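Enquirer: have a look at this fold, sequence not included:
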């Protein structure tokens, strides 16, 4: 059986969450009766690729829509070597200069130094609830639905 995660990361790469976040989020999720196995706040020393696991099927150019699956792997390896500090790329399809996070992933993926990780939730979290969490922590968030 697969495990599912709802991962919330700051939309702006490199932004860190405020202290005492875990209890604030747990209290809010309890108040809306959002059921899950566990929740944790994860911080990383370097910028990290936050993926959607088995949900990732394709990566496309954000300008022309060309498939970048094989080419993307090489760029990710190069960027990883810089700790994902340098995520600027030039696409092979239309020579557009962009960043890895701007590519079109079929499921959301992102780059972050932290995440709110909700393990095996019974349902997706509603957009309206994400907006309320953003107000609680004063940080715009991206939702990543992952399956492993």
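Expert: Now that the structure is in, tell me what you want to look at. No experiment lies behind these values; they were computed from the predicted model shown.
Enquirer: tell me which stretches of this protein form strands.
Expert: 4-10, 38-50, 59-60, 88-90, 97-99, 104-105, 110-119, 141-147 (DSSP state E).
Enquirer: mind listing what residue 39 touches?
Expert: Residue 39 sits next to 22, 25, 26, 29, 116, 117, 118, 119 when contact means CB atoms under 8 Å, 6 or more residues apart in numbering. Every C-beta, even on glycine, is put in place using the N, C-alpha and C of the backbone.
Enquirer: one more time with 6 Å
Expert: By CB atoms under 6 Å, 6 or more residues apart in numbering, the residues touching residue 39 are 26, 118.
Enquirer: residue nearest the centroid of this protein?
Expert: Centroid-nearest residue in the chain, with CA atoms, centre = their mean: residue 110, separated by 3.9 Å.
Enquirer: my guess is it contacts residue 9, does it?
Expert: Yes: Residue 110 is within contact range of residue 9, at 5.2 Å (criterion: CB atoms under 6 Å).
Enquirer: quick one: common contacting residues for the two?
Expert: Applying CB under 6 Å, 6+ apart, one finds that residue 110 and residue 9 are jointly contacted by 50, 142.
Enquirer: which one of the strands of the chain lies closest to residue 127?
Expert: Closest approach to residue 127 among the strands of the chain (CB to CB): strand 141-147, 8.1 Å.
Enquirer: remind me, longest helix of the protein?
Expert: Ranked by number of residues, the top helix in the chain under DSSP state H is helix 69-81.
Enquirer: buried stuff in that helix?
Expert: By neighbour count on 16 or more other CB atoms under 10 Å, the buried set for helix 69-81 is 71, 72, 75, 76, 79.
Enquirer: how about the last one, nearest residue that isn't a chain neighbour?
Expert: The reference is to residue 79. Distances taken as CB to CB, 6 or more residues apart in numbering put residue 87 closest to residue 79, at 5.2 Å, once the chain neighbours are dropped.
Enquirer: contact partners for that neighbour?
Expert: With contacts defined as CB under 6 Å, 6+ apart, the neighbours of residue 87 are 79, 99, 100.
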